[in-house]
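1. fold the stuff below for me.
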Amino acid sequence: MAQLVIFRHGQSTWNLENKFTGWVDVDLSVKGIEEAKAAGEKIRNFKFDYAYSSDLIRAQKTLTIALEVAKHPSLTPIYNKALNERMYGDLQGLDKAETAQKYGEEQVKIWRRSFDIPPPNGESLKDTAARVLPYFEKEIVPKLKAGKNVIIVAHGNSLRALIMHLENMTPQQILEFEIGTAQPRVYELDKDLKVLSVKNL
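-> Numbering: from 1, shown residues only. Next up is the predicted model:
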């Protein structure tokens, strides 16, 4: 049996400013740092063999802070852009309210909450899953099947792709699934990666 713990990074400066972030490498806000510390307290009793994060500083810093608070500093995290947030293309850096005024609320909702319709020059959730899941299967699944415990700190949409896969959700179910900042989600998995239990800490 293996444990997989996943959570989204703490609040970023652009989360705070209500901007589309995507692949723009913004840092954590003051609140985000506190959220990362709180997540660390929640995982204090866990023992991880491997730690993963995206290529973006807000996720990397959340992971580092959480592991330090949990007194789990011995791990060398593995960073990979396959775990990056969904690329928001032309929307990156735009205020969400202004974007709704510019393109219309309905169009923005379609870009944000449809499975396979990307924003201009960006990725859909389907596109995001097409890079997250092969990386997960190749890099992380063998470790879980070997009984190793893994922590992944990533982003709302890269984690949606993973949760959809692990929990056999439909596209509609996962699009309605809210992922809060720095809230650890714990999976107990058998040797075939069947989910035995799942809970939020």
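2. make sure Asp190 is actually in contact with Gln3.
-> No - using Cβ atoms under 8 Å as the test, Asp190 is too far from Gln3 to be in contact (11.5 Å). Where you see a C-beta, it was placed from the backbone N, CA and C, and this is true even at glycine.
3. neighbour count winner among the two?
-> Comparing Asp190 with Gln3 by other Cβ atoms under 10 Å, the one with more neighbours is Gln3, at 19 against 12.
4. how far away is the more buried one from Asp49?
-> Remark: distance between Gln3 and Asp49 (Cβ to Cβ, to the nearest Å) = 10 Å.
5. now do the shared contacts for the two.
-> Asn149, Val150 (Cβ atoms under 8 Å, 6 or more residues apart in numbering).
6. how many residues are close by Gly104?
-> Gly104 has 11 nearby residues by other Cβ under 10 Å.
7. what segments of this protein are strands?
-> For the chain, the strands defined by DSSP state E occupy 2-8, 50-53, 78-79, 150-154, 185-189, 195-200.
8. okay if I get the ones you listed as CSV plus mean pLDDT and distance to Thr170?
-> Below are the strands of the chain laid out as CSV (pLDDT from 0 to 100; distance: least, Cβ to Cβ, whole Å):
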stretch, mean pLDDT, distance to Thr170
strand 2-8, 98, 20
strand 50-53, 98, 26
strand 78-79, 98, 30
strand 150-154, 98, 21
strand 185-189, 98, 19
strand 195-200, 96, 16
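9. can you say which of these is packed in most?
-> strand 150-154 (a mean of 27; mean count of other Cβ atoms under 10 Å).
10. and that strand with strand 185-189, angle?
-> 140 degrees (axes from the mean of the first three to the mean of the last three Cα atoms, to 10 degrees).
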